[in-house]
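Asker: Please work out how this folds:
(2 chains)
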Protein chains: 2
Amino acid sequence: MDGVILTPLKQIYNPKGDIFHAMKKSDEGFDGFGEAYFSTIYLNDIKGWKKHTQMTLNLVVVVGEIEFVVYDEINKEFFSVKLSQKNYQRLTVKPNLWMAFKGLSKSSMLLNIASIEHNPDEAINLDINEINYEW
Amino acid sequence: MDGVILTPLKQIYNPKGDIFHAMKKSDEGFDGFGEAYFSTIYLNDIKGWKKHTQMTLNLVVVVGEIEFVVYDEINKEFFSVKLSQKNYQRLTVKPNLWMAFKGLSKSSMLLNIASIEHNPDEAINLDINEINYEW
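Answerer: Predicted coordinates for the structure are as follows:
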């Protein structure tokens, strides 16, 4: 889907503890650094829909498993992917796409490396039922 | 200690899942974005000592509890702090300080928001016994 990039990330295993890559400034999908924050979600809960008009999201699942769904309202197209340590990829979502995500583990956590600082004026929220998707 | 900043971070609780701040570009301690990665550490293991000559570290403990120790070799001074979701602060470590950390939980994980991309040429490693600290 236009505006969506999936990038496999390195997991480097070490007996004393592992290194999991998230993002380098030279990576595809990096649109500048505004803010990094974590968001947790519980089993079968869904957060969304939300559309950012300026922010590029760069999403990495750190704990558990999360299903992400992106909706392109121009082309009436859905994109979905399940991310976890087993399918360890970064999901880049460019502005002007709707996004929602569902927890598939007891408790899951994502990191978002956002291209701008949080600003409620650039985001639009819709109730989860307002875009019809078979979760 | 000069070159070390502790910054309390917001934890925003929500029934559907929480938001934990990590870093904004306008925050104290932000020296530019080079790379973000996770590092895990097991109970009683210690990673270190390492001294970066260019990289500023911004460390946030996401899972478990970690003890960080910073050593200033000029002033022969130690700084230590235990970080976790209970003591949720960001630890900024400027270049030219020695750093080591120890896992205090079964499995802990930190996020480092580093000011430059990984470059082995700007980091110096010392065996853990080469700087004497009572862990």
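Asker: How about residue A:88, nearest residue that isn't a chain neighbour?
Answerer: residue A:9 (5.2 Å; C-beta to C-beta, 6 or more residues apart in numbering or on different chains). For the C-beta atoms, the positions are set from N, CA and C on the backbone; glycine is no exception.
Asker: contacting residues for the one you found?
Answerer: Neighbouring residues of residue A:9 by C-beta atoms under 8 Å, 6 or more residues apart in numbering or on different chains: A:20, A:21, A:22, A:60, A:88, A:89, A:90.
Asker: Give me the three-state assignment for the fourth one.
Answerer: When the structure is split into helix, strand and coil by DSSP: H, G, I helix; E, B strand; the rest coil, residue A:60 lands in strand.
Asker: that older thread, which ones among the contacts of residue A:9 map onto strands?
Answerer: Filtering these for membership in strands, criterion DSSP state E, returns A:20, A:21, A:22, A:60, A:89, A:90.
Asker: and those residues near chain B, which?
Answerer: Within the set of the ones in strands among the contacts of residue A:9, contact with chain B (C-beta under 8 Å from any C-beta of the partner chain) is found for A:20, A:21, A:22.
Asker: In CSV, list these along with neighbour count.
Answerer: Below are those laid out as CSV (neighbours: other C-beta atoms under 10 Å in any protein chain shown):
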residue, neighbour count
A:20, 19
A:21, 20
A:22, 23
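Asker: Could you export those as JSON lines, including pLDDT?
Answerer: Formatted as JSON lines, those follow (pLDDT from 0 to 100):
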{"residue": "A:20", "pLDDT": "98"}
{"residue": "A:21", "pLDDT": "98"}
{"residue": "A:22", "pLDDT": "98"}
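Asker: tell me the average confidence for stretch A:66-77?
Answerer: Stretch A:66-77 comes out with an average pLDDT of 97.
Asker: Ends of it, what's the gap?
Answerer: 20 Å (C-alpha to C-alpha, to the nearest Å).
Asker: buried sites along that stretch?
Answerer: A:66, A:67, A:68, A:69, A:70, A:71, A:72 (16 or more other C-beta atoms under 10 Å in any protein chain shown).
Asker: Go ahead and name everything in contact with it.
Answerer: A:1-4, A:41, A:48-49, A:59, A:78-84, A:91, A:93, A:97-105, A:108, A:110, A:131, A:133, A:135.
Asker: same thing with stretch A:12-31?
Answerer: Under C-beta under 8 Å, 6+ apart, the answer for stretch A:12-31 is A:5, A:7, A:9-11, A:33, A:56, A:58, A:60, A:62, A:85, A:88, A:90, A:92, A:94, A:111, A:113, A:115, B:33-42, B:45, B:47, B:103, B:111, B:117-118.
Asker: give me the residue from chain A nearest chain B.
Answerer: residue A:33 (3.5 Å; C-beta to the nearest C-beta).
Asker: For the nearest residue to that residue once chain neighbours are set aside, give me its contacts.
Answerer: Of all residues not flanking residue A:33 in the chain, residue B:33 sits nearest, at 3.5 Å (C-beta to C-beta, 6+ apart). By C-beta under 8 Å, 6+ apart, residue B:33 lies in contact with A:25, A:32, A:33, B:25, B:113, B:115.
Asker: same deal with residue A:48?
Answerer: Counting by C-beta under 8 Å, 6+ apart, the residues that residue A:48 touches are A:69, A:98, A:99, A:100, A:101, A:126, A:128.
Asker: Neighbour-wise, which one of those leads?
Answerer: residue A:101 (25 neighbours; other C-beta atoms under 10 Å in any protein chain shown).
Asker: Which residues does it form beta bridges with?
Answerer: Beta-bridge pairing for residue A:101 (DSSP bridges): residue A:47, residue A:68.
Asker: Might you report the residue contacts of it?
Answerer: A:41, A:46, A:47, A:48, A:66, A:67, A:68, A:69, A:110.
Asker: do the same with residue A:8
Answerer: Counting by C-beta under 8 Å, 6+ apart, residue A:8 has contacts A:88, A:89.
Asker: Can you check the pLDDT for it?
Answerer: We have a pLDDT of 98 for residue A:8.
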